[in-house]
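Chemist: return atomic coordinates for the entry below.
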Amino acid sequence: MSDKGGGTEAQRYAWGGAVPLQIHLDDSEVTTLPPPPPALILAPRLGYLPLLVSQIKPFFSSSLPPGADTVWFEYKGLPLKWYIPTGALFDLLCAEPERPWNLTIHFRGYPGNILTPCEGEDSVKWSFINALKEAAYIINGNCKNIMNMSQSDQAELWRSVLNGQLEAYVRVSSKLKLDIVGDEFSLKLNSSTPKSDQTVNTDLDATGTTRTGKVPVRLYIRTIDEDIDDIEDAPIVDSWEKISYINRAVEFHGEEKCFSLHDAIKYLLPEMFTEEVAPTVGSSDTGEAQVEEDEEISGAGSSTEKVLRPEIKVVRIQGIEPRLEIPFSWVVNNLMNPEHYLHISIYLKLVSIS
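Modeler: Numbering: from 1, shown residues only. So this is what the prediction gives:
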């Protein structure tokens, strides 16, 4: 795939991706009649909601009550975590993609018991840099290259993210030496446990030809425990306690066999799936996903035991629902976020099996 102009073609599509937003001012903060109309704006998928405030506030400034701004966003009653990329939030919370995505903005009453404090762009920038340091540690075993960045390089890197400039980003990030995956069709993948995440091996193997590396992954799991036929009927998420949030590195070694996204999901969630049967998507005929520890449900008046097993309904990365057979290395090389984390949203449905 061509890298003309900086980055691959798929990377350019990812960097150009945006979510159309329709922003409503919360009713309790409207002080004028008639109330202001909603603001329509395109939000970069790789960006963060607080970075949009300077564009949004002019639509509502004349209607706001007096007081200092403490801006936060909400979707159907759920305060949105500002440090999760906008695209990942959309993939996770909109079972059936909603366009435009209707969000509510608040300028008062920050829910400090749910959200960590955010002081605008500076908070987002340092959250991004800290995530980049974490990723560098996972990949290289240290974050010296991040710590040793010049002020000008750090500023250029952040501007490239703010402005969606892939070419500038590639130019600066290449100095950080955070390459992970080489041959995208010849990789062996092993999952690292949380304990083993503390060590990283990027050396060659005994033949001197195989480079190992770790992929930092942020995994968001939304479990649907209601009996629904269509994913669009999934109940809304009204609490972050209903989302499982997992950081886990995936380790690569050179090997003849290519491992797919299907394999990556299986290895990322070893506690949920047996070795014999890998997770499937929807009604795939390759077999249902198996759980190591089944939850037993005894029916009233019946001696038949039932168990709940998770079935993968949707896997989303950068707004794409890729085939699980796709090489995981391609996903890593093309769909990773600028802070070098791969954000994966998974919808699991619990199905009852006699």
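Chemist: where does pLDDT dip in the chain?
Modeler: 1-5, 181-212, 252-257, 273-306, 354 (pLDDT under 70).
Chemist: doesn't residue 21 fall inside a helix?
Modeler: No. Residue 21: not assigned to a helix; according to DSSP: H, G, I helix; E, B strand; the rest coil it is strand.
Chemist: that one contacts residue 101, doesn't it?
Modeler: Yes. Counting by Cβ atoms under 8 Å, residue 21 touches residue 101, with 5.3 Å between them. In this view, the C-beta of every residue, glycine as well, is placed from N, C-alpha and C.
Chemist: more crowded one of these two?
Modeler: residue 21 (23 against 18; other Cβ atoms under 10 Å).
Chemist: and that one, how close does it get to residue 35?
Modeler: 18 Å (Cβ to Cβ, to the nearest Å).
Chemist: what touches both of residue 21 and residue 101?
Modeler: Common contacts of residue 21 and residue 101 (Cβ atoms under 8 Å, 6 or more residues apart in numbering): none found.
Chemist: mind listing the strands for the stretch 101-250 of the chain?
Modeler: Secondary structure of the stretch 101-250 of the chain (DSSP state E, counting those that start in this stretch): strands at 101-106, 187-191, 213-224, 243-254.
Chemist: mind putting these in CSV, distance to residue 139 included?
Modeler: Below are those laid out as CSV (distance: least, Cβ to Cβ, whole Å):
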stretch, distance to residue 139
strand 101-106, 32
strand 187-191, 15
strand 213-224, 6
strand 243-254, 9
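Chemist: so which of those strands is nearest residue 323?
Modeler: strand 187-191 (16.9 Å; Cβ to Cβ).
Chemist: wait, residue 118 touches residue 125, no?
Modeler: No. When contacts are counted by Cβ under 8 Å, residue 118 is not listed as touching residue 125 (11.2 Å).
Chemist: residue 325: neighbouring residues, count only.
Modeler: Residue 325, neighbours per other Cβ under 10 Å, totals 10.
Chemist: one more: residue 36?
Modeler: Neighbours around residue 36, by other Cβ under 10 Å: 15.
Chemist: wait, what's in contact with it?
Modeler: With Cβ under 8 Å, 6+ apart, residue 36 has these contacts: 25, 30, 59-60, 62-63.
Chemist: right, and the pair among these with maximum separation?
Modeler: Largest pairwise distance in the contacts of residue 36, by Cβ to Cβ, is 12.1 Å, between 30 and 59.
Chemist: before we move on, the earlier item: of all the strands of the stretch 101-250 of the chain, which one is nearest residue 344?
Modeler: Comparing those by Cβ to Cβ, strand 213-224 comes nearest, at 5.2 Å.
Chemist: more crowded one of residue 118 and residue 125?
Modeler: residue 118 (21 against 18).
Chemist: contacts only, for the residue nearest to that one when sequence neighbours are not counted.
Modeler: The spatially closest residue to residue 118, leaving aside those adjacent along the chain, is residue 82, at 4.9 Å (Cβ to Cβ, 6 or more residues apart in numbering). Residue 82 is in contact with 48-50, 72-73, 115-116, 118, 123-124, counting by Cβ under 8 Å, 6+ apart.
Chemist: going through these, which ones are buried?
Modeler: With burial judged by 16 or more other Cβ atoms under 10 Å, the buried subset of the contacts of residue 82 is 48-50, 72-73, 115, 118, 123-124.
Chemist: could I get those residues as a markdown table with distance to residue 143?
Modeler: Listed next are those as a markdown table, based on distance: Cβ to Cβ, whole Å:
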| residue | distance to residue 143 |
| --- | --- |
| 48 | 21 |
| 49 | 26 |
| 50 | 24 |
| 72 | 30 |
| 73 | 30 |
| 115 | 26 |
| 118 | 23 |
| 123 | 20 |
| 124 | 19 |
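Chemist: of those residues, which is the nearest to residue 90?
Modeler: Using Cβ to Cβ, the buried ones among the contacts of residue 82 come closest to residue 90 at residue 49, 10.5 Å.
Chemist: circling back: same list (the contacts of residue 36) but as CSV, adding neighbour count, secondary structure and distance to residue 158.
Modeler: Formatted as CSV, the contacts of residue 36 follow (neighbours: other Cβ atoms under 10 Å; DSSP: H, G, I helix; E, B strand; the rest coil; distance: Cβ to Cβ, whole Å):
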residue, neighbour count, secondary structure, distance to residue 158
25, 22, strand, 29
30, 16, coil, 34
59, 17, helix, 26
60, 22, helix, 27
62, 9, helix, 32
63, 16, helix, 32
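Chemist: and which of the residues you listed is nearest residue 111?
Modeler: Of those, the one sitting nearest to residue 111 (Cβ to Cβ) turns out to be residue 25, at 16.7 Å.
Chemist: let me know the distance separating the residue nearest to that closest one when sequence neighbours are not counted from residue 169.
Modeler: Nearest residue to residue 25, sequence neighbours excluded (Cβ to Cβ, 6+ apart): residue 60, at 4.6 Å. As for residue 60, its distance to residue 169 is 32 Å (criterion: Cβ to Cβ).
Chemist: before we move on, what about residue 346?
Modeler: Counting by Cβ to Cβ - residue 346 and residue 169 are separated by 27 Å.
Chemist: ok so, going back, A strand includes the residue nearest to residue 118, no?
Modeler: No. Using three-state DSSP, the secondary structure at residue 82 is coil, not a strand.
Chemist: next up, phi/psi of it, please.
Modeler: For residue 82, the backbone dihedrals (degrees, to the nearest 10) come out as phi -70, psi -20.
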